[in-house]
Every structure is written in C-alpha cells, then in structure tokens.
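> got a sequence here, can you model it:
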Amino acid sequence: MTIAQLTWDYSDPRTGTSMPAPFFFDKGVFDEEKAKIFMNCWHVVGHVSEFAKPGDFVVQEIFEQSVVVMAGRDGEINAFHNVCRHRGNRLIEDRRGNKVGVIRCMYHSWCYNQDGSLRAAPRTENLDDFDKKEWGLRHVRLEIFASFVFITLDQNAAPVAEIAKGADVEMRRFLPDLDNLELSSESDVVVDANWKVIQENSIEGYHFDLSGPVHKDLAALINFEGYTLTPYGDWWTYIGPPNKGATQAYGVPLDGSTWQTDWFFNIGIFPNTTFYSFPYTDMVGTFIMIPLTPEKSLLRFGYYTPKGRETPPVTKAAIEWMNTQLGPEDIELNVTNQKGLHSLGFGSGKYLIDPARPHQSENLVHHFHTLCYKAIRE
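This is a model prediction of the structure:
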C-alpha cells in the first residue's frame, strides 16, 4: 500500500483508532498538506497596530513563498509577493521594519512604492512598449479579522469571517482590548516534530494534570472541572474558568494586578492559528505552528499588550514562564511523541473520549485530525 492509498476511518472516535502514524512523518502526506492546506488557507501576519505608519511592514514566509504586508501612504495595508518583477530577486530579508521611501531591489535598482506599484526601473525608457503600470509587484489577498491581518495565496478561499464565523465575537468576550494592542515581543523556536503533533498537544486537557509540573501549575489556576473544549467547524475554543481562590500566578502575587481576563482562554482557526490569554494576564498571545519539513516545525510566539498601559508584573512573569517553563515542557512532549510515532509497536492509538469527564477529553484532537484528513483525502 502506498501512502496515497492509506486511509483512516474517523467516523466514531469512541470505538475507532486515532489517525495512523505515517500521517505525521511521511513526506507524501506532508506534500499533500502543503498543496491542499497551507497554500490555500489563511495565515495570520500580525495586528493592525504593526502597520500604523506608512512603510511599516511584516514579511510572512509560506514555505518557499514570501509575502510583504505593508502600510501605504494612504493608510491602506497591502500585501504583495516579496520578489522583484525584473529577474526574481528577493526584495526584503527582514521579518519586520519600515521602508520610509521606496522598496529598492539591490540587484538592478528597480524601485517600488509602498503600495507595490513600480516607481522606477533604470533604462527601461529604451524598451519598446514598457508600461510601468503593468510591472508592479503582484498582490496577495489580504483581510482583517478581529483586528489581526490575514493573508492567503488562494484567490478563491472563503473569507476569514466566513470560515471563522462567530470567532471574533467569542474573542471580544474575553479580550476587551483586542483593537488596542501593540506587539510586546515575538520569538521563534524550531521544534523537531510534525506541526500536527504540536497542535494536538495544545487542544486537549487530558495531559494537564498528568504530565509535567508546569502543566499542574497552570491547571491550579483554573477551575478544571469547568474546562470546555468546543469545535465550531473550522475553528474551536478551549476555555477554563478561573480558580477564584488563586492568590498568585507565575510566581507573582495577584494583589493589585489587572488583566484582560482571569479565564484561560484559547481560540484556534484551522489549520495552525491560535489566539489565547493566560489566566490573570493583560495580554493577547498568538501561537502559530509553521510546518518546515515532515518532522520539523517553527513555533512563533507573539505577545501583544494594551497600548498606553503599563504591563503588570503578573503578565511579564507569565510571558517569561511561557518562554522558559511551559513552552519547553510542551516541546519536550512534542519531540518524544514524534520519535515514538516511528515505532513498529504503535501504528495508531486510541482517543480518550469520556462523556463523564469532557474537560479531559480528546474530542478536539479527533476533530482536528478529521479536518486535516478531509482536506487532503476528500
């Protein structure tokens, strides 16, 4: 049987088995996911506040594709392919910054305006029928959803607001400063695991009080019996009400602190975008799983805090805690999980679907796996 013939019966997660292991390391599957999921889906680039001034830009990589998202002089945010139309030279190498004047190709000095239009191309005046209007940068589709900027390489993709209908309303319930944020910090970490292994780890409550000590610390901030994991088609939430008896979080007293929410709030949009807030923190986090190879992913952690407001010590401690404690504990699980998937003693496993303990269920894992499988096979 070839990998293209490998199938999975996802119809009943309670009696069936989990997605077969080759779906997490086979190159053929990875190539299918690249073509049928990531070249067609929406990718979050950043918050609208990152494009406040003309020339502000963020570069988004999607496999070998590179897209520049930039604020124009008219205040509009544009997205275009990060490549000169002359000979295909990459234009911008930085992840983010500001181009005060033009975007200049360092090879032959073709220059583009902030909206992607061609301003100047040396010696083209000697070419017959050369029209600068026809040689601007090729645009990429862009939409703003919940004050975050998304792009897609698929001109026929359904709008973000349609794919994630209702998600913005749910976000605003817990994140009141969603429109008034600024980037506090961003960090990238390369992990030796398939992107789905990382995603499934984040969307189940089964391991919270069963794995490492840091997860137990997080569970202690939540009324864990009230933890809910809810699918809504191409988006989902996993939310935990606060432990009202908590007096400190992340090693810092809660006394006198402020926060976006005291809940543990997470919302995911298929395939790889998560927005969240830790309990008692005044921040909005982004957690993006970016596939690099079948068994290597880049995790991008973004931390956004309210503009014009001092970041509370609890929030600062939570960001440090995520980067140095919870993140590494999860990453170790991701890596050991990826190694084990190759074992001849595995093949596929069992979902823990327990109606009596829904807060510890793996129903979202099954839902996510089903979305992935349908995208490449159906």
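
> check the secondary structure at the closest residue to Trp236 other than its chain neighbours for me.
The spatial neighbour of Trp236 that comes closest, neighbours along the chain excluded (Cβ to Cβ, 6 or more residues apart in numbering), is Gly268 at 5.1 Å. C-betas here are computed from N, CA, C, even on glycine. Using DSSP: H, G, I helix; E, B strand; the rest coil, the structure places Gly268 in strand.

> give the contact list for Gly268.
199, 202-203, 235-238, 274-275 (Cβ atoms under 8 Å, 6 or more residues apart in numbering).

> low-confidence regions, the chain specifically.
1-4 (pLDDT under 70).

> now the residue in the chain sticking out farthest from the centre: phi and psi?
Residue farthest from the centre of the chain, counting by Cα atoms, centre = their mean, is Asn126 at 46.6 Å. Asn126 adopts backbone torsions of phi -90, psi 0, taken as degrees, to the nearest 10.

> quick one: contacts of stretch 197-217?
Among residues not part of stretch 197-217, those counted as contacts by Cβ under 8 Å, 6+ apart are 24, 191, 218-219, 224, 227, 229, 236, 238, 266, 268, 271-272, 274, 287, 289, 297, 299, 321, 325-326, 329-330, 332-334, 337-338, 341, 352, 359-362, 364-365, 368-369.

> now Glu225: closest residue in space that isn't a chain neighbour?
His359 (6.3 Å).

> and the helices in this structure?
For the chain, the helices defined by DSSP state H cover 27-33, 160-163, 167-174, 195-202, 213-220, 313-321, 327-340, 363-377.

> what comes up buried for stretch 206-216?
By neighbour count, and taking 16 or more other Cβ atoms under 10 Å as the criterion, the buried residues in stretch 206-216 are 206-208, 212, 214-215.

> roughly how far apart are Lys296 and Pro358?
Plainly put, Lys296 is 33 Å away from Pro358 if you go by Cβ to Cβ, to the nearest Å.

> hang on, I meant Met19
If you measure Met19 against Pro358 using Cβ to Cβ, the figure is 21 Å.

> between the two, which one's more packed in?
Taking other Cβ atoms under 10 Å, Met19 and Pro358 do not tie; Met19 has more neighbours (22 against 15).

> ok, the closest residue to that one other than its chain neighbours - contacts?
Leaving aside its chain neighbours, Met19 sits nearest to His369 (4.4 Å; criterion: Cβ to Cβ, 6+ apart). When contacts are counted by Cβ under 8 Å, 6+ apart, His369 touches 10, 18-19, 196, 200.

> and for the closest residue to Phe130 other than its chain neighbours, the neighbour number?
Computed as Cβ to Cβ, 6+ apart, the closest residue to Phe130 that is not its neighbour in sequence is Thr124, at 4.8 Å. With neighbours defined by other Cβ under 10 Å, the count for Thr124 comes to 14.

> Thr124 touches Glu134, doesn't it?
No - taking contact to mean Cβ atoms under 8 Å, the distance of 11.3 Å between Thr124 and Glu134 leaves them out of contact.

> what number of residues lie near Gly72?
The burial metric for Gly72, expressed as a neighbour count using other Cβ under 10 Å, is 17.

> so it touches Phe80, yeah?
No - here Gly72 does not reach Phe80: they are 10.8 Å apart, not a contact under Cβ under 8 Å.

> what is the burial count for Lys34?
Based on other Cβ under 10 Å, the number of other residues close to Lys34 is 15.

> Gly28 too?
Residue crowding around Gly28 was assessed by other Cβ under 10 Å; the count is 15.

> mind checking how far it is from Ile290?
20 Å.

> same question, Glu170
Applying Cβ to Cβ, one obtains 24 Å for the distance of Glu170 from Ile290.

> dump the residue contacts of Tyr276.
Contacts here follow Cβ under 8 Å, 6+ apart; on that basis Tyr276 touches 264-267, 284-287.

> looking at the contacts of Gly268, spot the one nearest Pro54.
Closest approach to Pro54 among those (Cβ to Cβ): Phe275, at 27.3 Å.

> buried sites along stretch 230-244?
Result for stretch 230-244 [16+ other Cβ under 10 Å]: buried residues 231-232, 234-243.

> which two of those have the greatest separation?
The largest distance within these, taken as Cβ to Cβ, falls between Asp234 and Asn243 and amounts to 31.2 Å.

> I'd like the distance between the residue lying closest to Ala157 once chain neighbours are set aside and His139.
The spatial neighbour of Ala157 that comes closest, neighbours along the chain excluded (Cβ to Cβ, 6+ apart), is Asn40 at 5.9 Å. Between Asn40 and His139 the computed distance is 17 Å (Cβ to Cβ).

> Gly75 too?
Relative to His139, Gly75 is positioned 17 Å away (criterion: Cβ to Cβ).

> ok, these two, which is more surrounded?
For Gly75 against His139, the residue with the higher neighbour count under other Cβ under 10 Å is His139, and the figures read 14 against 10.

> quick one: contacts for the more buried one?
Here His139 is in contact with 78-80, 116 (criterion: Cβ under 8 Å, 6+ apart).

> just grab the bridge partners of it for me.
With DSSP bridges as the criterion, the beta-bridge partners of His139 are Phe80.

> tally of neighbours for Val190?
In terms of burial, Val190 registers 12 neighbours under the definition other Cβ under 10 Å.

> isn't His47 up against Asp179?
No - contact criterion Cβ under 8 Å: His47 and Asp179 do not qualify, at 9.2 Å.

> okay, and the common contacts of these two?
Common neighbours of His47 and Asp179, counting by Cβ under 8 Å, 6+ apart, are Ser147.

> these two: which is more packed in?
Neighbours per residue, other Cβ under 10 Å: of His47 and Asp179, the larger number sits with His47, 24 against 14.

> and the protein, what are its domains?
In the assignment given by automatic domain parsing, the structural domains of the chain cover 3-40+170-377, 43-152.

> tabulate the ones you listed (a markdown table), appending distance to Pro159.
A markdown table is the format used below for the domains of the chain (distance: least, Cβ to Cβ, whole Å):
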| stretch | distance to Pro159 |
| --- | --- |
| domain 3-40+170-377 | 12 |
| domain 43-152 | 6 |
